[in-house]
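Chemist: Predicted model and sequence below, questions to follow.
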Amino acid sequence: MLMVTIIVAMLVFGVIIALHEFGHFAVAKLCGIKVNQFAIGMGPVLLKKQKGETEYSLRLFPIGGFCAMEGEDSGSNDPRAFNRKPVWQRMLVVVAGATMNLILGFVLILCTTLLYGDVITLKIADFTKDKETGLSTSTSETCGLQIGDEILSIDGMKIFTDTDLSYKLQNTESDTMTLIVRRNGEKITLQNVTFYNTATQGRQDFYVSAEKLNFFNVISYSFLDTISTGRLIWISLRDLITGKYGFHDLSGPVGIISTIGEAASYGETFKQHLTSVLSLASFITINVGIFNLLPIPALDGARFVFLAIEGIRRKPVSPEREGMVHFAGMAVLFLIMIAVTIQDIFNLANK
């Protein structure tokens, strides 16, 4: 089982990294930039092949990759060098990797939706009931929520998909919530709604309906759920900065591999295993895309900021200074990764 987990994890990481670097590579080529190296993984080279001007390689550790362009980190007089291209083209190259991650997330959510066989809506289909008596065990029903209501927002947060709905129910500390629902074509505000199942003592006291698949609802749901997942990642980052979550809540490669293993073992059929892994992979790739856009030194977001400064000043920042900033950022990120990995190992050992 451990070997299967490692293989699945390597495939997930490999595809996410490969698509990210391919985004940089493809846009660089379209912009006429010379690409010296294209690597999947980090560390010692396992396989490499020179094709044209580019060396392609597969490396030992599947925790990153790189697309090394001429003149990317230092000056170059080559007319096809990265530093010789217009700022807008370099911006496109920089954000292309994260964009590919977000596109991959959309595709994986679409595949997961197709595997599920239906599209989950936000319309109330029924309320929970006692199995023996048939009486309602739903508190939200007594607060004015009705069958057929479509939930639009909770406590001011727009609800795009069931991902948002689950998040709000699990993470709202207040017992009562303010809902906006669509009922018979009209928007209605419901105050002081409590979600509570008196039988299970949980908040899931209703059921939502599902629709049969068609082209439009699959595309719409996949797009909206990509937005929902991305927004939840931003919310998590905000909560991490404000102290709601701490260092102990972070996971590194070891923790993610463990989670992928759990996802791969979920369910009883191959379809359930696959759906679970694809769902987790979509979350990871969207996470990677958004994280890379943060203005943190060594990440694509910081490179974009330096390019924006160059565009405003009409003059590039000194490559040496920018290089020092990115080097310092990379060092800090590696130290955090090492610390998180040690924490993951201890957590696994204590399970």
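Modeler: Received, thanks.

Chemist: And the strands in this protein?
Modeler: 35-51, 54-69, 118-127, 150-154, 157-158, 177-183, 186-193, 206-212 (DSSP state E).

Chemist: Need the residue in the protein that's farthest from the chain's center.
Modeler: Residue farthest from the centre of the chain, counting by Cα atoms, centre = their mean, is residue 133 at 43.3 Å.

Chemist: Touching stretch 46-56 from outside, list them.
Modeler: Here stretch 46-56 makes contact (Cβ atoms under 8 Å, 6 or more residues apart in numbering) with 34, 35, 36, 37, 38, 39, 57, 58, 59, 60. Any C-beta I mention is one placed from the backbone N, CA and C, and that applies to glycine too.

Chemist: and it, which residues are buried?
Modeler: Of all the residues in stretch 46-56, those buried under the rule 16 or more other Cβ atoms under 10 Å are 54, 55, 56.

Chemist: Stretch 342-351 too?
Modeler: Neighbour-count burial for stretch 342-351 [16+ other Cβ under 10 Å]: 343, 344.

Chemist: tell me the mean pLDDT over it?
Modeler: The average pLDDT for stretch 342-351 rounds to 72.

Chemist: gap between that stretch and the chain center?
Modeler: Taking Cα atoms, centre = their mean, to the nearest Å, one finds stretch 342-351 lying 24 Å from the centre of the chain it belongs to.

Chemist: can you check stretch 8-21 too?
Modeler: 13 Å.

Chemist: check contacts around the residue nearest the centre of the chain.
Modeler: By Cα atoms, centre = their mean, the chain has its centre lying nearest to residue 286, at 2.4 Å. Neighbour list for residue 286: 101, 102, 105, 226, 229, 230, 233 [criterion: Cβ under 8 Å, 6+ apart].

Chemist: Apply 10 Å and report the result again.
Modeler: 16, 98, 101-106, 108-109, 225-230, 232-233 (Cβ atoms under 10 Å, 6 or more residues apart in numbering).

Chemist: Take those and keep only those in helices.
Modeler: 16, 98, 101-106, 108-109, 225-230, 232-233 (DSSP state H).

Chemist: Only whichever of those residues are buried, select them in PyMOL.
Modeler: Here is the PyMOL command that selects the buried residues among those (16+ other Cβ under 10 Å):
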select buried, resi 16+98+101+102+103+104+105+106+108+109+225+226+227+228+229+230+232+233
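
Chemist: For residue 330, which of the strands of the chain is the nearest?
Modeler: strand 54-69 (10.5 Å; Cβ to Cβ).

Chemist: Quick one: distance of that closest one to the chain centre.
Modeler: For strand 54-69, the distance to the chain centre is 22 Å (Cα atoms, centre = their mean).

Chemist: ok, now stretch 47-61?
Modeler: With Cα atoms, centre = their mean, you get 28 Å for stretch 47-61.

Chemist: oh, and call the first residue 22 from now on, that's how I've got it
Modeler: Yes, from this point I'll number from 22; that puts the last item at stretch 68-82.

Chemist: can you tell me the average pLDDT over stretch 205-218?
Modeler: Averaging pLDDT residue by residue across stretch 205-218 gives 95.

Chemist: contacts for it?
Modeler: Against stretch 205-218 from outside (Cβ under 10 Å, 6+ apart): 148-150, 157-167, 169-176, 189-190, 193, 195-204, 223-227.

Chemist: returning to what we had before: quick one: the residue lying closest to the residue nearest to the centre of the chain once chain neighbours are set aside and residue 132, what's the gap?
Modeler: Of all residues not flanking residue 307 in the chain, residue 126 sits nearest, at 3.8 Å (Cβ to Cβ, 6 or more residues apart in numbering). Counting by Cβ to Cβ, to the nearest Å, the gap from residue 126 to residue 132 is 11 Å.

Chemist: again with residue 95
Modeler: 41 Å.

Chemist: In terms of neighbours, single out the busier of those two.
Modeler: Under the neighbour definition other Cβ atoms under 10 Å, residue 95 and residue 132 were set side by side, and residue 132 has more, 17 against 12.

Chemist: ok, now which ones touch the more buried one?
Modeler: 243, 295, 296, 299, 300, 302, 303.
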